[in-house]
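my questions concern the predicted model and sequence given below.
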Amino acid sequence: MLPEQVRVSFFLLKYVKKKFVDKLQIELSELAVQCKSFQNFFSCYKHWNSVTVVPSSPFLFTTSFMKIILEFNLHCKRFNLFLCQIEKCTNEMLPLKKSANHFLHLFEPQSSSNLSLSIVPFNINTLNKLVERSSRLICTKMKSNGTEQEQCPTPFQSLASLPLPLQRAQCVIHKYEILICGSYRNNECYSYHTLKNQYKYICSYPDDVTLLGHNVIKIMNNSPSDIALLSFGGQGHNEKKHTLAMYYVSVWDETEIENKQKHYNQWLPYVDNYSNPICIGKIQGIYQGMRALIGGSNNNLLFITYAPKNIDIFDLTIFQYINQSILPVDNDLCYHCFVSRTVKSKLTNEKKKIEMLLFCRSTGLAIEYDEDNNEFQFRYLRVCTTMQSFKCYAYACIDDIILFFGGNNGNGHVIHSVHKYSITEDKWMKFEHTLPILLYHSVAILSEDSAYLHILGGENDRYRTTSVHLKTKVNEWKKKETEKEKQWILSEENEREMQHIENEKKLFALESSETKRGLQITKISIFLLEKNINTKLTKGLKQWLNIGFGYCPLTLDGLAICFGIFIFSFLNFLVFILLDVQQPKYFKLLRKFIGRPSGTTSVKFSPDGNKFVSSSFDKVVRIWDTQLGTEIQTLKGHLDWVLDAKFSPNGNMIVSSSSDKTIRLWDITTGSELKKLEGHLSSVTAAQFSPDGNIIVSASHDKTIRLWNAKSGKEIKKFEGHLHWVNDINFSPCGEKVVSSSNDNTIIIWNIKSGQKMQEFKVPNSNVFKVEFSPDGRSIASCSNDKIIRIWDVDAGRKLKEFKRNEYTIRDLKFCPDGQTIVSCSDNLVIQIWDVILGIEVQKLKAHSKIVTRIDVSSDGNTIVSCSADTTIALWRPL
């Protein structure tokens, strides 16, 4: 008989090989099916391309093609990831394969019917080492086989157990002490000495206080020997909220305690300067599982986030709420992550803004609070796929990273994973190391010197409260990624892209049911394949071929044939389609954030595209950083709604127009107002610099168009001819003409020098909202409330084409720099991208929940900005 270790190793090797081959065969068969679908399509396409008559139902043909493209695209991404896993797995199995081959030489059966073996001379120590090594490799890889996984060194150190099992505890650091201030349904408070590794009782909450997810924070105190603590929350709807304070003196210093008065180290009502009790939290508020932190220039502001989606600010110096807002989040808040960091404003070095970050399940939100204006700004953050269903994790913010430990998804799934989020890089990582046990509702607290992180209490996967106390070095979580962690990052990126493709498939399916369009779907599908297969696959094609033919002992012929089919189909695709069709840019959402709660009226990029300016109903003009999506400057001076704002050609100034009947020029370096242009008799709807920056043209509800000297601010000329409000005005690229649109159903092209009409276009029974010159100046595009986009020939004075596939009013439009694409927005909550030559819709973008009011395209055509009646601003970038 074979030795037991040898039999086990052979069995495990056979098991691994079978699973490996089965998985590979499934993947290859699915890929072959996709390739077959591709070949069928090319046959149909060649036939379609050879006939002179268009098929009777091109919509059905292109819809089928769209499905093939997306399915093939998705499978190629999955197969690419699978091949990467094959490569890694195979490299790790090479030592095992060598060991198995050595076994075959060590034993030779005398006959097939006899199990006894003739042993060839060998060194028994060598055999034992080979068997041990092989078994260890297999056991490490095959945890599901029932064998025990090899233990790795853990970065966690177990400390003295807690005095009693705790969960949802609140902890505060004070020098060498961790103060444990109550926990879920437990009112006792303890101090843990980090040097002595011991606990000491402090006090208990009053008997009438029930803690169900409360908060304890350190507040202002001038004494160096003691600290002030504030405890509040933990109660539900229609329950009285507790608000207590404690001045703490170290229980480890008995001399200091004796010198203090009796009211130290006990929870007492929180009172104002006149000893009146203060209650934080309204009776109808849900303060169970709430989170709070201290911020502000004087550390006097208490930021409170609680269910369902609330954020309040309580000023601890005046003992009043100063702001109560609603967070733009999808998930209800409860036992979430809420941390802060203070950043300096780019406008003034002395001015500080409070930046906070919030994570709960799939919601990620950056919250910036402007203390001077008492205003919030919000920016959405991505949450990694392995964290999107979880909350109740322990967390800690350390410099520029946030660490997350464990968590629960609310359906009984508890994890021991450790995740990291980099704030500046906006990147996630899942560590190879994990917590020693499955854990949630624990608390993480950073030591005062920021060298260690303590994790206390929590519940395990059996819903039992634990007494665990762990310590880990902070530097352990700042090391470079291991190979396994790099693989996770790659897998996460692939998963993110596949999710995006799935979302696009759903979007296309919805669009197909709404309207029967043919060629545009084909163009979108072509672009999706080119972006998601061509660019990714070309980079990894050599690696794929090496993997495929390098691992041919398993399925050489099948893999070679499959790749041959794929390459043939891919090359045919390039030859027959991509070379004949100009590829449009296909955009995806980069980020979305709150513009102004009062509403944004316009958005326009700077010439270099690094910034954009917005105007709003709150009478303020704002400048934003395109890359970060953060506000960098505010311009105040208008007395009424600001309806429009644009950069000068050199990017140094901004011109804004307002319902206060004025036009104002701003210096973006200093933020100061340079000039105020007055003359219009009603609201100024739009204003723009000439291409050379010397002239400003404006339009108004007073039915006039006026030219201004940008340097002196004096009026040069007034154009009269419209019979109703003038809604929009734009210079031609050469600067010699302007085009205007009005509610009198007309579009007029004016000569700048003479002030005379050059062309007039009529749009029957429609208010023309926006009008735009093409980049070459030979045509103009207009949109109106009759739901039609029109293209006009400037020289011939005639209409070239109409885009009628709209069911809602078009609010704004913009030519892309290539002159062949138009971006528009409408009342149906979407942004549409149009092919000018074919007159068809290429793509729909949806991120806003209400009417999209304005859009703009950067000078390089790579970024779109949009604003909506839902108060949000969205940035879009190509795939």
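Received the coordinates, thanks.

centre of the chain versus stretch 798-808, how much separation?
Averaged C-alpha coordinates place stretch 798-808 at 35 Å from its chain's average position (C-alpha atoms, centre = their mean, to the nearest Å).

no no, stretch 415-432
Taking mean C-alpha positions (C-alpha atoms, centre = their mean), stretch 415-432 and its chain are 14 Å apart.

CA atoms of that stretch as CSV?
What follows is stretch 415-432, C-alpha atoms only, in CSV (Å, rounded to 0.1, in the frame of the first residue of the first chain):
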residue,chain,number,x,y,z
ILE,A,415,-16.9,39.3,8.1
HIS,A,416,-13.4,39.6,9.6
SER,A,417,-11.9,41.4,6.6
VAL,A,418,-9.8,44.6,7.0
HIS,A,419,-10.2,47.3,4.3
LYS,A,420,-8.3,50.5,3.7
TYR,A,421,-9.6,53.7,1.9
SER,A,422,-7.0,56.3,0.8
ILE,A,423,-8.6,59.7,1.0
THR,A,424,-6.2,61.6,-1.4
GLU,A,425,-6.0,58.7,-4.0
ASP,A,426,-9.7,57.8,-3.7
LYS,A,427,-8.7,54.1,-3.7
TRP,A,428,-9.7,51.0,-1.8
MET,A,429,-7.7,47.9,-0.7
LYS,A,430,-8.6,44.7,1.0
PHE,A,431,-5.8,43.4,3.2
GLU,A,432,-4.5,39.9,3.1
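
for that stretch, give me every contacting residue.
Identification of contacts with stretch 415-432 by C-beta atoms under 8 Å, 6 or more residues apart in numbering yields 152, 341, 357, 359, 381-384, 386-387, 390, 400-408, 433-440, 477, 481-482, 484-485, 488-489, 492. Yep, even glycine has a C-beta here, placed from its N, CA and C like the rest.

and those, which of them are in strands?
Secondary structure from DSSP state E places 341, 357, 359, 401, 402, 403, 404, 405, 406, 407, 408 of the contacts of stretch 415-432 in strands.

and those, which of them are buried?
357, 359, 401, 402, 403, 404, 405, 406, 407, 408 (16 or more other C-beta atoms under 10 Å).

and which of those residues is nearest residue 741?
Checking these against residue 741 with C-beta to C-beta, the nearest one is residue 357 at 43.7 Å.

contacts only, for the residue nearest to residue 241 when sequence neighbours are not counted.
Spatial nearest neighbour of residue 241, chain neighbours left out: residue 281 (3.3 Å); criterion: C-beta to C-beta, 6 or more residues apart in numbering. Counting by C-beta under 8 Å, 6+ apart, residue 281 makes contact with 232, 233, 235, 241, 243, 287, 304.

if you set the cut-off to 7 Å instead, what comes out?
Residues in contact with residue 281, defined by C-beta atoms under 7 Å, 6 or more residues apart in numbering, are 232, 233, 241, 287.

kindly state the beta-bridge partners for the residue nearest to residue 246 when sequence neighbours are not counted.
Leaving aside its chain neighbours, residue 246 sits nearest to residue 229 (4.7 Å; criterion: C-beta to C-beta, 6+ apart). On the basis of DSSP bridges, residue 229 is bridged to residue 218, residue 246.

offset the numbering so it begins at 402, please.
Yep, numbering from 402; the last one is residue 630 now.

neighbouring contacts of stretch 673-681?
633, 642, 644, 670, 671, 672, 715, 720.

can I assume residue 724 is in contact with residue 774?
No: Residue 724 is beyond contact range of residue 774, at 10.6 Å (criterion: C-beta atoms under 7 Å).

between the two, which is the more surrounded one?
residue 724 (15 against 11; other C-beta atoms under 10 Å).

which residue sits closest to that one, ignoring its sequence neighbours?
Residue 724 sits nearest to residue 714 (C-beta to C-beta, 6+ apart), 4.1 Å away.

if we can go back for a sec, where does the residue nearest to residue 642 sit: helix, strand or coil?
coil (DSSP: H, G, I helix; E, B strand; the rest coil).

could you list the low-pLDDT ranges of the stretch 702-851 of the chain?
743-753 (pLDDT under 70).

ranges for the strands of it?
In order along the chain, the stretch 702-851 of the chain carries the following strands (DSSP state E, counting those that start in this stretch): 702-708, 711-716, 721-727, 738-745, 753-761, 764-771, 776-781, 795-799, 802-809, 815-823, 828-831, 844-847.
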